[in-house]
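1. task: produce atomic coordinates for the following.
(one chain, ligands or ions: 1)
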Amino acid sequence: MKNWSVPIQTLLFAIAGLASALPAAAQEDDRAAERAGMVQEQLINRRSSSPRGSSGAPPPSLFGDASRGSMPMVSSRDLDEHLRIQNGKVLDAMRSVPRHWFVPANMQRDAYADRPLPIGYGQTISQPYIVALMTELLDPKPGAKILEVGTGSGYQAAILTKFTPNVYTMEIVEPLQKQALPRLQKFGLGPERVINGDGYFGLEKIGPFDGIIVTAAADHIPPPLLQQLRPGARMIIPIGPVHATQRLVMVEKDAGGKVRSRSVHPVNFVPLTGGPRAPDKK
Ligand code: SAH
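-> This is a model prediction of the structure:
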């Protein structure tokens, strides 16, 4: 009599394999659908949910004491029309990058909710709308050399790679940089681009940059970052008090090197640490 045990076992394994593969594939599709929903409902059909602007407050002192007077500054009230994301490339990028890859295991259910989520070490992955808004304001051109300060989970940097491969990102908390690196390698960013360091000082040897995006809040624009901004380029940075509402500010350096800025939207970011007064600096 023939021994059927081996083929039957093989068959059972094959069935089991198929059964486990199918839900996995279906699960990925579910998440793509969630992502499409996130874009449609939160980025395209967005409704004003939070009070807009804080028009009574004086504009923040953007440039700190060191450079005050040397930089012309234009401030305006928050530009309230920035409610929905208009740039199709930004919407495509938000549809294509799996945010759940950047969200901790215990937060997976909320991966496509429009809110920031904790990623450990007291830090957060930003709210999708704010990621989209900052990307739209930065408007990175193909091939542009972009610096992000505040890698965090790596999500914003991954979105930027959909516009240009020439992205550098800096994270001051080493374990976060180590976690973000393998995720960002999938998007073409290796260890020479996902850097553990104090982004207050930027990357002098690699600059000037065609765009700088800072994803942690500072009370002034770090002068080294302003220096590393190429004439004609933009920096997007949250400015204001830590642990309170800040303003997302768009800084533009014109061809002649003049700097102008405007306040775009109220935001709540974790603080930019480091800088010249950091505890480990003299
Ligand atoms: N862009 C991130 C979210 C950033 S949260 C994302 O998409 O997930 C802000 C991050 O900035 C935190 O991880 C924090 O550790 C980092 N950070 C704060 N100060 C920094 C500095 N001086 N240089 C580099 N990173 C800094």
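
2. what's the helix or strand for whichever residue of the stretch 151-282 of the chain sits closest to the ligand?
-> For the stretch 151-282 of the chain and the ligand, the shortest gap (Cβ to the nearest ligand atom) falls at Gly152, measuring 2.8 Å. No exception for glycine: its C-beta is placed from N, CA and C like everyone else's. Per DSSP states H and E, Gly152 falls between elements, in no helix or strand.

3. what sits against the closest residue to it other than its chain neighbours?
-> Excluding the flanking residues, the one nearest Gly152 by Cβ to Cβ, 6 or more residues apart in numbering is Gln123, at 5.5 Å. By Cβ atoms under 8 Å, 6 or more residues apart in numbering, Gln123 lies in contact with 152, 173, 176, 270.

4. ok, what's across the strand from Gln123?
-> Note on Gln123: beta-bridge partners by DSSP bridges are Gly120.

5. what does the pLDDT read for Glu148?
-> In this model, Glu148 is scored at 98, pLDDT.

6. so it is in contact with Tyr168, correct?
-> Yes: between Glu148 and Tyr168 a contact is recorded at 7.1 Å, counting by Cβ atoms under 8 Å.

7. go ahead and confirm Lys145 touches Pro165.
-> No: at 10.0 Å, Lys145 and Pro165 do not qualify as touching, with contact defined as Cβ under 8 Å.

8. of those two, who's got more company?
-> Lys145 (19 against 15; other Cβ atoms under 10 Å).

9. tell me the pLDDT at the more buried one?
-> On pLDDT, Lys145 comes in at 98.

10. returning to that earlier point: of Glu148 and Tyr168, who's got more company?
-> Glu148 (28 against 24).

11. sheet partners, orientation included, of the one helix or strand that one maps to?
-> Under the criterion of DSSP H and E, Glu148 resides in strand 146-149. Using DSSP bridges, strand 146-149 pairs in its sheet with strand 167-171 (parallel), strand 209-214 (parallel).

12. just give me the neighbour total for the residue nearest to Met170 when sequence neighbours are not counted.
-> The spatially closest residue to Met170, leaving aside those adjacent along the chain, is Gly199, at 3.8 Å (Cβ to Cβ, 6+ apart). Here the number of neighbours of Gly199 (other Cβ under 10 Å) works out to 28.

13. my guess is Gly199 contacts Gly152. True?
-> No: the criterion here is Cβ under 8 Å, and Gly199 misses it with Gly152 at 11.3 Å.

14. shared neighbours, the two?
-> With contacts taken as Cβ under 8 Å, 6+ apart, the residues that reach both Gly199 and Gly152 are Glu171.

15. let me see the mean pLDDT of stretch 177-192.
-> 98.

16. so that stretch, near the ligand or not?
-> No: Stretch 177-192 stays out of contact with the ligand when judged by Cβ under 6 Å from any ligand atom, the minimum separation being 7.9 Å.

17. residues in contact with that stretch?
-> So stretch 177-192 is contacted by 97, 101-102, 151-154, 157-158, 161, 165, 167, 169, 171, 193-196 (Cβ under 8 Å, 6+ apart).

18. what subset of those is buried?
-> Among these, those classed as buried by 16 or more other Cβ atoms under 10 Å are 97, 102, 151-154, 157-158, 161, 167, 169, 171, 193-196.

19. nearest to Pro140, of the residues you listed?
-> If you rank these by distance to Pro140 using Cβ to Cβ, Val167 comes first, at 8.3 Å.

20. which residues touch Thr164?
-> With contact taken as Cβ under 8 Å, 6+ apart, Thr164 is in contact with 140-146.

21. so the closest residue to it other than its chain neighbours versus the ligand, what's the distance?
-> Using Cβ to Cβ, 6+ apart and skipping residues adjacent in sequence, the residue nearest Thr164 is Ala144, 4.8 Å away. Here Ala144 is placed at a distance of 18 Å from the ligand (Cβ to the nearest ligand atom, to the nearest Å).
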